[in-house]
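S.K.: sequence and predicted structure are below.
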Amino acid sequence: MPTVVSLTTIMIDGTGMCGGCRVTVGDETKFVCVDGPEFDGHLVDFNNMMQRLGTYKTEEDHDHKQCHMDLAAQKAEA
Ligand code: FES
């Protein structure tokens with residue numbers, strides 16, 4: 001069954017220059033920002049894509065916690 005997927009990868013410049021959105025589709029390297037975001041779902045290397053999506057997980061978790069602490073402090077001050 002033909003399957004088209006729309007990918008949401010990390011994007012930085014959106015011009016195909018930074019490589020942040022790089023994915024492997026079949027035997028080719030593609031950039032979601034300029035080549036996609038739709039690709040043949042049977043050819044996307046999802047394991048590699050998910051690994052790349054986790055690159056900044058530690059920083060994102062830290063920022064998420066910091067954001068909640070800042071909101072709690074703002075509520076306490078109000
Ligand atoms: S967002 Fe930089 S290459 Fe696609």
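M.R.: Sure thing, it's come through. Note that the structure is predicted; figures quoted are calculated from it, not measured. Numbering: from 1, shown residues only.
S.K.: what's the helix or strand for the closest residue to residue 16 other than its chain neighbours?
M.R.: In space, and not counting its chain neighbours, residue 16 is closest to residue 34: 3.9 Å by Cβ to Cβ, 6 or more residues apart in numbering. All C-beta atoms are positioned from the backbone trio N, CA, C, and that covers glycine. Taking DSSP states H and E as the criterion, the element that holds residue 34 is helix 32-35.
S.K.: how many neighbours does the residue nearest to residue 16 have?
M.R.: A count of neighbours around residue 34, defined by other Cβ atoms under 10 Å, yields 12.
S.K.: mind pulling up the pLDDT for it?
M.R.: Per-residue pLDDT puts residue 34 at 97.
S.K.: can you check residue 62 too?
M.R.: 87.
S.K.: that one: which element?
M.R.: Here residue 62 is assigned to helix 57-77, by DSSP H and E.
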